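Enquirer: what follows is a predicted structure for the sequence shown.
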Amino acid sequence: MANILVVDDERDVVTLMKFILEKDGHIIWEAFNGVQALEKLGIEPENPAAPAPDLLILDVMMPQVDGYTVAQRMAEDPRTRSVPIVVLTARDRMKDLFKPVLSVAAYIEKPFDPKALRDTVVSILAQKRP
């Protein structure tokens, strides 16, 4: 299936998403803040050998480095700029903030419906396949 990086400062949210998505055969990478996400993506510190995930599920409001900054940094890196992003937010108005980020494929509001999460992931990954 797919390698998916889930980034959220709420460990319970990451654990729940991991449980849901692993049932579909996906490999889940975890990050609990933007700094960890940038490290896993090989953006900061720069690591050109770091593999890019097939999909990123990204919380907006996080300590240290927020989701918007992670998305901007991904857009600047040729290895990660085409990775689709699902923005996970408790605030609907955050959608406007992400409009300039072309790789945002979907938005999921907290609390999320597990079926909607699975359907969103399936839809995005299907579009990515040749």
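Expert: Yep, it's here. Numbers count the residues shown, from 1 in each chain.

Enquirer: quick check on the closest residue to residue 11 other than its chain neighbours: phi, psi?
Expert: Closest residue to residue 11 apart from its sequence neighbours, by C-beta to C-beta, 6 or more residues apart in numbering: residue 32 at 6.4 Å. The C-beta positions use only the backbone N, C-alpha and C, and glycine is treated the same way. Dihedral angles of residue 32 (phi, psi; degrees, to the nearest 10) stand at phi -110, psi 10.

Enquirer: read off the pLDDT value for residue 32.
Expert: Looking at residue 32, its pLDDT stands at 97.

Enquirer: please tell me I have it right and it contacts residue 13.
Expert: No - counting by C-beta atoms under 8 Å, residue 32 stays clear of residue 13, with 9.8 Å between them.

Enquirer: tally of neighbours for the residue nearest to residue 11?
Expert: Using other C-beta atoms under 10 Å, the number of residues around residue 32 comes to 19.

Enquirer: which ones are touching it?
Expert: Residues in contact with residue 32 (C-beta atoms under 8 Å, 6 or more residues apart in numbering) are 7-9, 11, 14.

Enquirer: most neighbours among these, which one?
Expert: The contacts of residue 32, ranked by neighbours (other C-beta under 10 Å): first place residue 7, 27 neighbours.

Enquirer: can you pull up the bridge partners for that one?
Expert: Bridge pairing for residue 7 (DSSP bridges) gives the partners residue 31, residue 58.

Enquirer: these two touch, right, it and residue 37?
Expert: Yes - between residue 7 and residue 37 there is a contact under C-beta under 8 Å: 4.4 Å.
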